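Chemist: Here's my sequence, what's the structure:
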Amino acid sequence: MKVEIYPRAEADIIRQFRYYLVDQDAPALAVRFREAVKESIEQLKSHPHMGTLVSRFNFRLSFMADKRF
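Modeler: Residues are numbered from 1 along each chain as shown. The predicted model follows:
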């Protein structure tokens with residue numbers, strides 16, 4: 001299965017990586033974060049339905065039920 005990363009999600013990942021690398025001056029942590037993201041994406045390929053389902057009755061979270069991140 002192919003995993004699509006939306007531009008907004010990709011921007012969030014990059015922003016978090018830069019935060020660890022530059023703002024926190026923690027290159028080892030930045031690399032661990034990047035590897036954890038890669039590992040999570042690989043797991044999604046094998047198990048596309050993993051995770052918590054979001055109730056459509058919770059209006060504040062309803063946008064999550066229809067979108068794939």
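
Chemist: May I see the buried residues of stretch 38-50?
Modeler: For stretch 38-50, a neighbour-count test (16 or more other CB atoms under 10 Å) marks residue 44 as buried. All C-beta spots, glycine's among them, are computed from the backbone N, C-alpha and C.

Chemist: Flag the shaky bits of this protein, pLDDT-wise.
Modeler: 51-69 (pLDDT under 70).

Chemist: which helices and strands sit right next to the longest helix anywhere in it?
Modeler: Determined from DSSP state H, the single longest helix within the chain is helix 27-46. Other helices and strands packing on helix 27-46, by 3 or more CB pairs under 8 Å, 6 or more residues apart in numbering; DSSP states H and E, are helix 7-18.

Chemist: can you give me the angle the helix it packs on makes with helix 27-46?
Modeler: 150 degrees (axes from the mean of the first three to the mean of the last three CA atoms, to 10 degrees).

Chemist: ok, the nearest residue to residue 37 once chain neighbours are set aside to residue 26 distance?
Modeler: In space, and not counting its chain neighbours, residue 37 is closest to residue 13: 5.6 Å by CB to CB, 6 or more residues apart in numbering. Separation of residue 13 from residue 26 (CB to CB, to the nearest Å): 16 Å.

Chemist: So for stretch 9-22, what gets flagged as buried?
Modeler: So, applying 16+ other CB under 10 Å, buried residues of stretch 9-22: 17, 20-21.

Chemist: Equivalent analysis for stretch 25-34, please.
Modeler: Going by 16+ other CB under 10 Å, stretch 25-34 has these buried residues: 30, 33-34.

Chemist: any residues touching stretch 2-21, and which ones?
Modeler: Applying CB atoms under 8 Å, 6 or more residues apart in numbering, the set of residues contacting stretch 2-21 from outside is 26-27, 29-30, 33-34, 37, 41, 44-45, 48, 68-69.
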